[in-house]
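S.K.: A structural model of the following input is requested.
(one chain, ligands or ions: 1)
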Amino acid sequence: GSLIPGDTLDLDLEQILGILEAVWRRGDKMLERALYAHADSVTKRFCGGAVYYRGLVEFSNVCQNDCSYCGIRNHQKDVWRYTMPEEEVVEVAKWALENGIRNIMLQSGELHTEQRLEYLERVVRAIRQETVAQDLAMRAERAKSGGAEASHASGGPVEGQLADEELGVVVSLSVGELPIDHYERLFRAGARRYLIRIETSNPDLYAALHPPPLSWEHRVECLRNLKKVGYMLGTGVMVGLPGQTLRDLAGDVLFFKEIKADMIGMGPFITQDGTPATEKWTSLYPNADKTAHMQAMFDLTTAMNALVRITMGNVNISATTALQAVIPTGREIALERGANVVMPILTPTKYRESYQLYEGKPCITDTAVQCRRCLDMRLNSVGKISAAGVWGDPASFLHP
Ligand code: SAM
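M.R.: Just a heads-up that it's a prediction; the model follows:
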């Protein structure tokens with residue numbers, strides 16, 4: 001039938017696979033253009049031209065896991081391990097609010113100790129308390145000066161929709177697989193969103209990349225537990241993992257739907273010296289033209305974003321940092337192919353070099369101020385504007 005702009009589609013595995021194969025073969029430019037244009041029409045239907053910022057704070061690179069692709073895995077050599085002092089994390093959150101970023105994602109390696117849990121509880125509580133107070137003070141100040149300024153500068157279609165309870169900075173966590181009671185304690189401390197990528201929906205491929213005790217089944221259980229506790233759930237995969245097939249990727253799109261994800265973040269797998277996955281990748285493709293390969297992975301990743309947008313409609317989809325690592329304007333391109341979220345890195349500069357998950361991770365010498373300014377310009381270059389000042393919950397979460 002004819003395709004109405006903005007319509008979501010119920011694609012099955014074979015249909016998704018057919019589209020991914022066409023993108024991979026690179027023979028059907030018409031189809032690719034139609035895919036991206038339709039995804040953009042669905043994004044515009046739900047988000048207008050508004051893009052949400054999520055400030056990423058990589059507060060610790062200490063990790064007890066050994067994921068075979070990751071540059072901060074437990075056995076990765078020559079990594080200076082750090083954990084940011086609590087006050088420093090809270091300061092970043094306050095800076096974010098002042099700069100119109102109302103969503104902070106605290107990310108780290110995995111450490112399942114009581115001490116780490118208590119650190120996180122204190123940090124989340126302090127961020128909530130201090131940014132709510134700061135927000136009330138900022139609003140009182142604005143009211144005093146006549147309230148001429150809009151309460152949040154540039155919001156596009158979401159302007160004016162700031163609910164009363166959306167005070168302060170909302171805290172997302174990305175700290176891995178924890179028992180459900182830890183998820184509950186962090187929720188009670190005030191965290192409301194949680195990102196944990198499934199990495200791949202194929203259990204065998206997962207097992208090949210994650211040595212025991214890690215298991216695909218446990219990761220899925222964590223996703224379900226997070227939903228049960230009431231978090232807004234983010235997940236995602238890497239594209240181009242050694243041994244991954246297009247059928248696996250098609251299955252990933254359906255997995256996100258099945259698990260009822262509210263946010264999806266996907267990035268290309270990028271090699272990192274000293275990791276087993278990179279050795280495996282190199283042995284699988286000894287003569288690979290890396291630049292051409294990464295360009296193909298970039299397109300596959302954005303095609304995946306487009307397919308998620310078209311099949312899931314109103315969810316949040318990130319234009320991830322790994323896309324920018326492949327093409328400097330990668331995130332802007334992704335915003336025209338289904339994505340509606342960007343994640344400026346707010347990690348203080350002195351720690352960035354040690355959170356090197358993969359080669360060529362961008363912006364490691366930048367400051368948060370530079371990242372924020374640079375992003376505004378990048379959004380404008382593709383006709384989008386930052387929905388500063390709102391939390392940006394997708395309707396999938398508000399009206400499940
Ligand atoms: N430990 C937490 C977890 O597993 O959810 C969060 C931190 S982990 C470093 C964040 C993400 O980095 C992973 O979910 C993975 O998808 C991504 N990542 C790690 N190594 C990568 C690589 N070589 N290329 C691309 N992405 C990578």
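
S.K.: now stretch 239-250: mean pLDDT?
M.R.: Stretch 239-250 shows a mean pLDDT of 97.

S.K.: Check stretch 313-322 too.
M.R.: Stretch 313-322 comes out at a mean pLDDT of 94.

S.K.: Could you confirm whether it reaches the ligand?
M.R.: Yes. Applying C-beta under 6 Å from any ligand atom, one finds that stretch 313-322 is in contact with the ligand at Ala322. In this view, the C-beta of every residue, glycine as well, is placed from N, C-alpha and C.

S.K.: Mind listing what's buried along that stretch?
M.R.: For stretch 313-322, the neighbour count (16 or more other C-beta atoms under 10 Å) marks Gly313, Asn314, Val315, Asn316, Ile317, Ser318, Ala319, Thr320, Thr321, Ala322 as buried.

S.K.: got it, and stretch 356-376?
M.R.: Result for stretch 356-376 [16+ other C-beta under 10 Å]: buried residues Gln356, Leu357, Tyr358, Lys361, Pro362, Cys363, Asp366, Ala368, Cys371, Arg372, Leu375, Asp376.

S.K.: Please apply the same query to stretch 223-243.
M.R.: 223, 225-227, 229, 231-242.

S.K.: now do stretch 55-73
M.R.: In stretch 55-73, counting by 16+ other C-beta under 10 Å, buried: 55-63, 65-73.

S.K.: average model confidence for that stretch?
M.R.: On average, stretch 55-73 scores 97.

S.K.: Quick check: end-to-end length of that stretch?
M.R.: 23 Å (C-alpha to C-alpha, to the nearest Å).

S.K.: The ligand next: which of the buried residues of stretch 356-376 are close?
M.R.: Leu357, Tyr358.

S.K.: Just name the closest of the buried residues of stretch 356-376 to Arg116, please.
M.R.: Leu357 (19.4 Å; C-beta to C-beta).

S.K.: before we move on, the earlier item: take the buried residues of stretch 55-73 and keep only those in helices.
M.R.: Judged by DSSP state H, helices contain none of the buried residues of stretch 55-73.

S.K.: Keep only those of those that are also close to the ligand.
M.R.: Applying C-beta under 6 Å from any ligand atom to those, those adjacent to the ligand are Tyr69, Cys70, Ile72.

S.K.: how about the strands of the stretch 101-250 of the chain, start to end?
M.R.: For the stretch 101-250 of the chain, the strands defined by DSSP state E, counting those that start in this stretch occupy 103-108, 170-174, 191-195, 232-235, 238-239.
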